[in-house]
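Novice: sequence and predicted structure are below.
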Amino acid sequence: MTSPAQLAVRIAAAQLTGLSADRRVVPAGPFTGLLVVDGPEFLSCAVAARPGEPVTELGSCLDVLRPEFAPGPVRFELVDEACPGAAEALVAAGATVSARVPLMTVDPESVSAPAVPPGVRVEFVRTAEDHGAATAVANVAFGVQLDQPARTPPPPEEGGSVLARLHGTPVAVASWTRIADEVGEVVGVAVLPGHRRTGLGALITAHATVAAGLAGARLAWLTPGDDGAARLYESVGYRTTATAVHLAAE
């Protein structure tokens, strides 16, 4: 049986492998900077370079990473149990913790998908038109305006989305990331304000998780934004396994 600590290391290793595939990689001692080449800067982050190893010394990592992230702060996205001591060392060096949240996991094959409500259809985002609709839903749901031109989605193993339509109108979306080492992250679970608390969040989370499994994931993970989201994810089978810690260093 795989222990929570082993799962944490597995997720952190997959995070490093998956994000390295399409980002500029900057080695920095115990961390690796992963800089977005063509996309929102806030998606750039640094992760553990050697998942499973404690971090006791930072060395010159901040000096290496600061120019790469400038003019913004260096953003760290860590799985706490996969790099013991890293968060504490960064805080001692002046970094601040921006989030400490549960990291939840599930075997995609064990997901409990809710029944599809009347009038709702859940489908893969396969075309540029679907991608544009999914982006529009996410922008409204999250209160942002990301300028992402509609594009034909990549193969499912490189990530994708599912879109829920109610009587033909897009109302909810959820995505999964590139599958790496048979691990995938479910992200961007978004439901339009007028359609929340109707079961759509659980529905699209389950469908995105199953889709990640069909794309090769044997382990799916996500991080809830609050206790309500955690309960929603628990309802489809996710359980807290580890802790995600996000930090920023000016």
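Specialist: Sure, I can see it. Residues are numbered from 1 along each chain as shown.

Novice: please count neighbours and contacts with C-alpha atoms only from this point.
Specialist: Will do.

Novice: okay, now the domains of this protein?
Specialist: Annotated domains of the chain cover 4-104+245-249, 108-217 [automatic domain parsing].

Novice: name the residues of the longest helix along the chain that come out as buried.
Specialist: The longest helix of the chain (DSSP state H) is helix 4-20. With burial defined by 16 or more other C-alpha atoms under 10 Å, the residues of helix 4-20 counted as buried are 7-16, 18-20.

Novice: ok, so of those residues, who is nearest G29?
Specialist: Ranked by distance to G29 (C-alpha to C-alpha), the buried residues of helix 4-20 are led by L16 at 14.1 Å.

Novice: for the closest one, which residues are in contact?
Specialist: L16 is in contact with 32, 47-49, counting by C-alpha atoms under 8 Å, 6 or more residues apart in numbering.

Novice: out of those, list just those in helices.
Specialist: Short answer: the contacts of L16 have none in helices (DSSP H).

Novice: can you show me the helices along this protein?
Specialist: Assigned by DSSP H, the chain shows helices spanning 4-20, 61-69, 86-92, 128-142, 200-214, 227-235.

Novice: mind listing what's buried in the shortest one?
Specialist: Using 16+ other C-alpha under 10 Å as the burial criterion, the residues of helix 86-92 that qualify are 86-87, 90.

Novice: who are the packing partners of the helix-or-strand element of the chain with minimal mean pLDDT?
Specialist: Counting by mean pLDDT, DSSP states H and E, the chain has its least confident helix or strand at helix 128-142, which shows a mean of 94. Other helices and strands packing on helix 128-142, by 3 or more C-alpha pairs under 8 Å, 6 or more residues apart in numbering; DSSP states H and E, are strand 160-166, strand 169-176, strand 183-191.

Novice: kindly reformat the ones you listed as JSON lines containing distance to G132.
Specialist: Converted to JSON lines, the helices and strands packed on helix 128-142 look like this (distance: least, C-alpha to C-alpha, whole Å):
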{"stretch": "strand 160-166", "distance to G132": "11"}
{"stretch": "strand 169-176", "distance to G132": "10"}
{"stretch": "strand 183-191", "distance to G132": "14"}
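
Novice: who's in contact with V173?
Specialist: Residues counted as contacts of V173 (C-alpha under 8 Å, 6+ apart) are 134, 137-138, 161-164, 188-191, 204.

Novice: next one: P27
Specialist: P27 makes contacts with 33, 49, as judged by C-alpha under 8 Å, 6+ apart.

Novice: in this structure, where is pLDDT below threshold?
Specialist: Filtered on pLDDT under 70, the chain yields the residue ranges 147-148.

Novice: most distant residue from the middle of it?
Specialist: The C-alpha centroid of the chain is most remote from P118, which lies 29.6 Å away (C-alpha atoms, centre = their mean).

Novice: and the gap between it and T198?
Specialist: From P118 across to T198, the span is 12 Å (C-alpha to C-alpha, to the nearest Å).

Novice: one more: F31?
Specialist: As judged by C-alpha to C-alpha, F31 and T198 stand 41 Å apart.

Novice: which of those two has more residues huddled nearby?
Specialist: Using other C-alpha atoms under 10 Å, the more surrounded residue of F31 and T198 is F31, with 25 against 11.

Novice: specify the beta-bridge partners of the more buried one.
Specialist: A28, A48 (DSSP bridges).

Novice: and the gap between it and A86?
Specialist: 9 Å.

Novice: can you pull the contacts of the nearest residue to G225 once chain neighbours are set aside?
Specialist: Nearest non-adjacent residue to G225, counting by C-alpha to C-alpha, 6 or more residues apart in numbering: V101, 7.6 Å away. Contacts for V101 were tallied using C-alpha under 8 Å, 6+ apart; they are 223-225, 243-245.
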